[in-house]
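S.K.: let me see the structure of the following:
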Amino acid sequence: MGKLDSSLTRVQPVFDELLTRDPYTWLPDLLQLPHRTGPRHPLPTDPGALIPDHDPYEYPAPPSREYLTCLLKNPADHVRRPADTYWDKLSKSTRAKREKLFKQDTATLNEALAALDNWPALPQKAWWLLEGRSMIDCALITDRMLLFVEGKRTEAGPSAGTIWAPARNQVLRNLDCARALAACKGLPHYFAMLVVEDYGDSAADLRRAKQHQQVTDPDVVAKSLPHMDAHEREEALRHYLGVTTWQAIVARFGLKPLI
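M.R.: Predicted coordinates:
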């Protein structure tokens with residue numbers, strides 16, 4: 001990525017500067033910057049104090065237990081075997097276990113479900129783990145709320161899927177992780193947002209904008225959050241703040257000009 005790496009040229013410079021300031025002077029306003037259509041969860045008047053015991057960048061968020069359970073119990077509906085170039089790199093024992101899982105062998109399924117009892121502590125890899133941790137570009141965690149920021153620069157849009165679930169939208173995946181982690185931590189508020197490069201009038205910019213709008217498409221939401229019913233998906237989506245730009249953040253908070 002080099003000079004256009006969004007983490008190095010956008011996420012870290014912007015949030016490094018913000019994090020030197022008192023969060024009460026910028027975090028409430030940051031929550032209000034994104035835009036999208038549809039109802040949103042009320043924003044907290046008091047965002048709380050930032051918890052300093054974690055690195056906010058590339059924060060490893062575990063997939064929700066409910067989502068992993070859904071994949072294990074319904075692989076025919078929500079899991080697609082990856083290409084042979086990936087499958088053949090797996091160990092023989094992992095391939096054998098997953099083949100049994102896909103056939104819904106009772107003993108294999110029960111073994112996989114029992115392994116989820118350790119959630120949110122999950123291994124990096126396991127035969128029963130069909131989605132790994134989401135590496136959140138910037139995770140802002142306070143004693144009252146959790147905010148997951150997905151940052152883009154030159155990318156056309158959020159990733160459209162994972163190895164095992166090709167329809168799992170990246171931003172909605174982040175939202176699902178935030179929902180589960182906030183509940184685990186006992187936090188009353190959780191949010192996810194997308195920050196992108198300012199739009200121009202080019203065809204590429206129009207395509208980018210369309211990709212960003214796809215996050216709230218009902219079909220995309222249903223396929224990305226198959227473990228939720230319609231009411232749960234509607235409620236979860238209220239916690240997606242929408243899209244803003246790096247340029248808007250810089251202007252709002254008087255940050256150093258972007259390079």
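S.K.: quick one: least confident helix or strand in the chain?
M.R.: helix 203-213 (a mean of 87; mean pLDDT, DSSP states H and E).
S.K.: tell me the buried residues in that one?
M.R.: For helix 203-213, the neighbour count (16 or more other Cβ atoms under 10 Å) marks 208, 211-212 as buried. Where C-beta positions appear, they are placed from N, C-alpha and C, glycine not excepted.
S.K.: need the distance between the two termini of stretch 211-218.
M.R.: Terminal residues of stretch 211-218 lie 14 Å apart, using Cα to Cα, to the nearest Å.
S.K.: please apply the same query to stretch 125-134.
M.R.: 13 Å.
S.K.: and the residue most central in space within the chain, what are its phi and psi?
M.R.: Per Cα atoms, centre = their mean, the C-alpha nearest to the average position across the chain is that of N174, at 1.4 Å. N174 has phi and psi values of phi -60, psi -40 when expressed as degrees, to the nearest 10.
S.K.: which residues does it contact?
M.R.: Counting by Cβ atoms under 8 Å, 6 or more residues apart in numbering, N174 makes contact with 61, 134, 136, 148, 150, 192.
S.K.: I'd assumed R173 was in contact with the last one.
M.R.: By that I understand A192. No. Using Cβ atoms under 8 Å, A192 makes no contact with R173, being 9.3 Å away.
S.K.: do I have it right that L50 meets A139?
M.R.: No. Look at L50 against A139 with Cβ under 8 Å: they stay out of range, at 10.7 Å.
S.K.: neighbour-wise, which of those two wins?
M.R.: Ranked by neighbour count (other Cβ atoms under 10 Å), L50 and A139 place A139 first, with 23 against 17.
S.K.: flag the shaky bits of this protein, pLDDT-wise.
M.R.: 1-4 (pLDDT under 70).
S.K.: give me that answer again for 90
M.R.: Applying pLDDT under 90 to the chain flags residues 1-8, 45, 52-54, 81, 153-161, 199-212, 259.
S.K.: can you give me the strands for it?
M.R.: With strands called from DSSP state E, the chain shows them at 57-61, 134-141, 145-151, 189-196, 240-245.
S.K.: what strands line up against the first one, and which way round?
M.R.: Paired strands of strand 57-61, with direction, are strand 134-141 (antiparallel) (DSSP bridges).
S.K.: not counting the partner strand itself, show me its contacts.
M.R.: 6-7, 11, 15, 23, 27, 50-51, 54, 56-61, 63, 146-151, 170, 173-174, 177, 185, 187.
S.K.: A180 touches P62, doesn't it?
M.R.: Yes. With contact defined as Cβ under 8 Å, A180 and P62 form a contacting pair (7.5 Å).
S.K.: who touches both of the two?
M.R.: What both A180 and P62 touch, as defined by Cβ under 8 Å, 6+ apart, is the set P120.
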